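Peer 1: can't give you the sequence, but here's the structure:
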């Protein structure tokens, strides 16, 4: 038979595990957001949003230095945001999950809404 203390201990253990799961999720979420928050990485993500490109093609599309793009692509690959596929001498990069693009586009819409809201507020002041 369980004592009152054993039951309380079990309940506290369950609560602690749930908090740890949420904390782990929040850490993973934060890490993903940090990874895609860099403006240069955003340019890379935007460049490959709907097509597979080589580093050279990404350089042409973004205007960023090749060495810089390679470093960012390496990080994006390690975080599971982009896929890398070799074909002979070329390495092609693409978005690993199109939901990344949906999130990117949603944030763009929020920024547009904010911009319009601020414009309306300023217009109303004068």
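Peer 2: Noted; the coordinates are in hand. In this text, all values refer to a predicted model and were calculated from it rather than measured experimentally. Numbers count the residues shown, from 1 in each chain.

Peer 1: outside of stretch 45-65, which residues touch it?
Peer 2: With Cβ atoms under 8 Å, 6 or more residues apart in numbering as the test, stretch 45-65 has contacts from 36, 40, 43-44, 66, 69-70, 73, 76, 81-82, 85, 90-95, 100-101, 104. Glycine gets a C-beta too; all of them are placed from N, C-alpha and C.

Peer 1: next: stretch 26-33.
Peer 2: When contacts are defined by Cβ under 8 Å, 6+ apart, stretch 26-33 is touched by residues 79, 81.

Peer 1: make it 7 Å
Peer 2: With contact meaning Cβ atoms under 7 Å, 6 or more residues apart in numbering, stretch 26-33 is reached by residue 79.

Peer 1: distance from that stretch to the middle of the chain?
Peer 2: Mean-position distance between stretch 26-33 and its chain equals 8 Å (Cα atoms, centre = their mean, to the nearest Å).

Peer 1: ok, back up a step: now a ChimeraX select for only the buried ones of the contacts of stretch 45-65.
Peer 2: In ChimeraX, this line selects whichever of the contacts of stretch 45-65 come out buried by 16 or more other Cβ atoms under 10 Å:
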select :36,43,44,69,73,76,81,82,92,93,95,100
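
Peer 1: quick check: what element follows the lowest-mean-pLDDT helix or strand in the chain along the chain?
Peer 2: When the helices and strands of the chain are scored by mean pLDDT, DSSP states H and E, helix 4-36 comes last with a mean of 78. Where DSSP states H and E defines the elements, the next helix or strand beyond helix 4-36 is helix 39-47.

Peer 1: quick one: average pLDDT of the helix or strand following that next one?
Peer 2: Downstream of helix 39-47, the first helix or strand assigned by DSSP H and E is strand 53-54. For strand 53-54, the mean pLDDT works out to 98.

Peer 1: number the residues from 35 up from this point.
Peer 2: In the new count, where the first residue is 35, that last one comes out as strand 87-88.

Peer 1: sheet partners, orientation included, of strand 87-88?
Peer 2: Within its sheet, and counting by DSSP bridges, strand 87-88 is paired with strand 124-129 (antiparallel).

Peer 1: next structured bit after the partner strand?
Peer 2: Next helix or strand after strand 124-129 toward the C-terminus (DSSP H and E): helix 133-159.
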